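*Asks:* Quick one, fold the following:
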Amino acid sequence: MSKKLSAPIIWLVALSALLLLVFLLTPTFSPTIKSAGNHTTFLPINLQTVSLKGLTQVTEITLPYPLAAATGSWCTWGGCDIGPRLYHAPLTDGRTLIGWTDNNGNGHVSFISGSTIQTTVNFSGREVRGLFAHNDNSFAVLLFDPATDIMWLSRRASNGNETWATNLNNPGNIPDFWLGDGRLTYGNGLYQAYYTITGGGHYGDQLTFVNDSGIIQSGGWGWGCSHSMAQLVSYHPGLNKHIAICSSDCYAVKGVLINDNQRIYEADGNCGGNVSAQLGQMALGNSTWKLVFNAVDRPCCNGQGIAFATIQTNFTSSFVWLTQTDGSTERDPVMARLGTGSGSERYLVGWMTNNNNVYKLAIVDGSGNFVFPAEEVSSAGIRWGNRDDSFRTRADGTVSWLQGDAQSTQLRLYIFDGDYFLN
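*Replies:* Numbering: from 1, shown residues only. I've put the predicted structure just below:
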């Protein structure tokens, strides 16, 4: 004779079936959970098992000489100190090319394997101000000679021997790094060198194109954004275009400018060094460029901390805010793309807050939506330089960057594996 199930057992069976159904129907990644400001935020389900700190490895490299000292400069609405300028280029064979200047003003480009310096090319009396590595491990380096006030672009074979060197100076204007930086990239047979200059008591910037034979080409300019507080350059192989971006407190207009004439963001400025926006880094989208910058809120100009911009092939642009503050503490934004394919766009972004010296990393998609929210990483010893441009995508799709303290012989190479976010 059959027996009826008791009510508690029936409820237990029903609850178990419901939990099984929820488990089977729950996606494993990125449901929409909330809106943040003017864009949607996505978070993975299993936040407890993923840590950006845990996906970042650090390699300690001991340099033969101490790094250069910190120097005074101008950053976001006021003066600042910037650490030694560091440049790095991941090589296709897994090694890393590192450009640095020591405390005596001598520049160096070192080939790094793991934590070992295999060889170093030395530049006596010349500072490294930009670096680009080619697929055959040859490279080009921007070298500033303060004794003669000359900026050189030097092309080097993979063994470090010089192929050619070109003097980039224009009459009456000399390189000067009290305000901005030096940047170098390459594409479609052209090097693109961009850096701050001074002339006639004023500060601007210079953009120069040089071909594979070391001959200066048309394009660029002899005097651009003024005052030019920071510079970025990039080449997009899919679009077959170069781009240059500056942060200006005065000319041609105040704000973040593309190619010296198209404004991405209107900033405040006093034409004397103060500007309310500062550049971070650029990365390649499938058919666009991406840019991060920081901005403080001013009566003229809305600033909410960290912005994520998309720049189209015709150089029109739009941006969203990754933070929703008054921008008074967010500084030093950085970015690089995860992976090497042309599929879903994922970017490692970061910034620091200068009121507590906390560094944060996050993952966003091509629209600036959070795939993984900002996570503090300072507790794991993860940092980067101020007004930095050292985040790079490696041949295996990971992202690496450098950090080194002023007058220290210790250099840290960080490598972030973001494959989890590409699946």
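*Asks:* Tell me which residues touch residue 278, please.
*Replies:* 75, 76, 229, 230, 247, 293, 294, 295, 331, 387 (C-beta atoms under 8 Å, 6 or more residues apart in numbering). All C-beta spots, glycine's among them, are computed from the backbone N, C-alpha and C.
*Asks:* Go again with 10 Å.
*Replies:* By C-beta atoms under 10 Å, 6 or more residues apart in numbering, the contact list for residue 278 reads 74-77, 80, 229-230, 247, 256, 267, 293-296, 330-333, 386-387.
*Asks:* repeat for residue 415
*Replies:* 55-59, 90, 96, 394, 396, 398-401 are the contacts of residue 415 under C-beta under 10 Å, 6+ apart.
*Asks:* Kindly report the same for residue 277.
*Replies:* 76-77, 229-230, 247-249, 254-256, 264-269, 293-296, 298, 301, 303, 307, 327.
*Asks:* what about 7 Å?
*Replies:* Counting by C-beta atoms under 7 Å, 6 or more residues apart in numbering, residue 277 touches 247, 255, 256, 265, 267, 293, 294, 295.
*Asks:* Below-threshold pLDDT in the chain: ranges please.
*Replies:* For the chain, the stretches with pLDDT under 70 are 1-48.
*Asks:* which stretches of it form helices?
*Replies:* 7-25 (DSSP state H).
*Asks:* Quick check, central residue of it?
*Replies:* residue 281 (3.3 Å; C-alpha atoms, centre = their mean).
*Asks:* ok, and the closest non-adjacent residue to that residue?
*Replies:* Spatially, and ignoring its direct neighbours in sequence, residue 281 is nearest to residue 335 (4.6 Å; C-beta to C-beta, 6 or more residues apart in numbering).
*Asks:* ok, that neighbour - how many residues close by?
*Replies:* Neighbour count for residue 335, taken as other C-beta atoms under 10 Å: 23.
*Asks:* Next one: residue 241 from residue 316, what distance?
*Replies:* 13 Å (C-beta to C-beta, to the nearest Å).
*Asks:* Correction: the previous question concerned residue 216.
*Replies:* Counting by C-beta to C-beta - residue 216 and residue 316 are separated by 29 Å.
*Asks:* neighbour-wise, which of the two wins?
*Replies:* residue 216 (17 against 11).
*Asks:* was I right about that one contacting residue 207?
*Replies:* No. Contact criterion C-beta atoms under 7 Å: residue 216 and residue 207 do not qualify, at 11.3 Å.
*Asks:* Burial check on residue 287, number of neighbours?
*Replies:* The burial count for residue 287: 12, using other C-beta under 10 Å.
*Asks:* That one touches residue 238, doesn't it?
*Replies:* Yes. Contact criterion C-beta under 7 Å: residue 287 and residue 238 qualify, at 6.1 Å.
*Asks:* so who does the residue nearest to residue 281 touch?
*Replies:* Contacts of residue 335 (C-beta under 7 Å, 6+ apart): 280, 281, 283, 290, 292, 347, 348, 349, 391.
*Asks:* repeat for residue 68
*Replies:* 84, 101, 102, 103, 406.
*Asks:* Quick check: beta-bridge partners of the closest residue to residue 59 other than its chain neighbours?
*Replies:* Spatial nearest neighbour of residue 59, excluding adjacent residues (C-beta to C-beta, 6+ apart): residue 413 at 4.5 Å. Legend: beta-bridge partners of residue 413 under DSSP bridges are residue 59, residue 402.
*Asks:* how near is residue 413 to residue 96?
*Replies:* From residue 413 to residue 96 the distance is 6 Å (C-beta to C-beta).
*Asks:* Isn't residue 179 up against residue 202?
*Replies:* No. Using C-beta under 7 Å, residue 179 is not in contact with residue 202; the gap is 10.8 Å.
*Asks:* Looking at the two, which is more packed in?
*Replies:* Taking other C-beta under 10 Å, residue 179 and residue 202 do not tie; residue 179 has more neighbours (23 against 14).
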